[in-house]
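1. could you work out the structure for the sequence below:
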Amino acid sequence: MDISTILGIGLAFGMIAFGIISNQSSLMTYYNLPSLFITVGGALASTIASHPKEKSFKIVQVMLSTIKEPKVDNIGLVRTLVSFSEKARREGLLSLEENLNDIDDPFMKKAVQLVIDGTDPDLLKNMMETEMDLIEEDIASEKALMDSAGAFAPAYGMIGTLIGLIAMLKTLNNPETLGPGMSVALITTFYGSILSNSVFLPMGEKIGRRATKILRQKQMILEGVLSIQAGENPRVLEEKLKSFLNIQEKTAYEAAVAEAKA
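-> Below is the predicted model of the structure:
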C-alpha cells in the first residue's frame, strides 16, 4: 500500500478542518448535501463523458490504484536477468524455457519467450518497444482521467455557486436571507477547490510519476533480454543493468550481492 496518498489527502483535509475550527466555526456550517452532489456528481459525469468508456467507467478503480504500491523490484530484476544470462551462456537460450513459468511480469515473459523462439533481435526490439508505447499510453490515459476530474470540479463548484446566487437573488427583498444564502452559494466553489487540489490533481500527478518508474523497468528488461540474446558476458550485462538503478537501489544491490557471496 502506498501510504503517502492516504497520508497526503488526510493531511490536506485535516489542515482545512483545523483552519475552520481555528476560526471558531462549526464543521457542519460547511456541509451542504446539494452542493456536494453538484460538485462531485458533475465532475464525475463530465469526466466520464470526455473519456472512452473503457477507461472512464473505471474511474474509481483508477483512483484506488494510487493507494496501491506498484510492484517495481529493480534489484530482484537485475539478479534474475544476470542469472538468466549465466544459464543461457552455459546451456543455451532454449534452457530458459524452464524458467518461463516463474516469470510474473507479462512484459518480461513475452520478451524471454520471443528469445526462446529465435525471433530476430531487431524484430524483438520493435515488438517490445510497441508494447512499451501501449503501456505508456494506458498510464497517460489514467492520468488524463484524473486531470479532467481536477479541471471539472472547480467548474462545477462555480456552477453550484451561480445556482445558489440565482436562488438568493429571488429573495433579495428579504435582507435576513442574504447572509445564509451567500454562504450556501459559496460552499459549492469551496467543495470544487478542495476536490481538485486535494484529491484529483494529486492522484493524477502520482500516476504520471509512477509511469517513469514503470517504463524505466520495462526498458531495463528489454536491454537485458537483448543482451542475453546477443550472448554478452553476464558481468557486462550486470554493469549495464546497474546503470538503470538509482543510488539507493545500487547500494541495496551491492549489499545483497556481498551477502550472497559471504
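
2. can you pull the contacts of the most centrally placed residue in the chain?
-> Taking C-alpha atoms, centre = their mean, the centroid of the chain lies closest to I207, which sits 2.2 Å from it. Listed by C-beta atoms under 8 Å, 6 or more residues apart in numbering, the contact partners of I207 are 62, 65-66, 139, 142-143, 146. C-betas here are computed from N, CA, C, even on glycine.

3. switch to 6 Å and redo it
-> Applying C-beta atoms under 6 Å, 6 or more residues apart in numbering to I207 gives the contacts 142-143.

4. show me this structure divided up by domain.
-> Domains of the chain are assigned by automatic domain parsing as 3-70+136-201, 74-132+218-261.

5. give me the phi and psi for the residue nearest to the centre of the chain.
-> Phi and psi for I207, reported as degrees, to the nearest 10, are phi -60, psi -40.

6. same question for I103.
-> Torsion angles, degrees, to the nearest 10, at I103: phi -90, psi 120.

7. what is the burial count for the closest residue to it other than its chain neighbours?
-> Spatial nearest neighbour of I103, excluding adjacent residues (C-beta to C-beta, 6 or more residues apart in numbering): K109 at 4.3 Å. Residues within reach of K109, counting by other C-beta atoms under 10 Å, total 16.

8. surely K109 meets N99?
-> No. K109 is not in contact with N99 according to C-beta atoms under 6 Å; the separation is 9.7 Å.

9. flag the shaky bits of the stretch 51-200 of the chain, pLDDT-wise.
-> Low-confidence segments of the stretch 51-200 of the chain (pLDDT under 70): 174-181, 183.

10. how about the helices of it, start to end?
-> 53-56, 59-65, 74-91, 106-116, 121-169, 178-195 (DSSP state H, counting those that start in this stretch).
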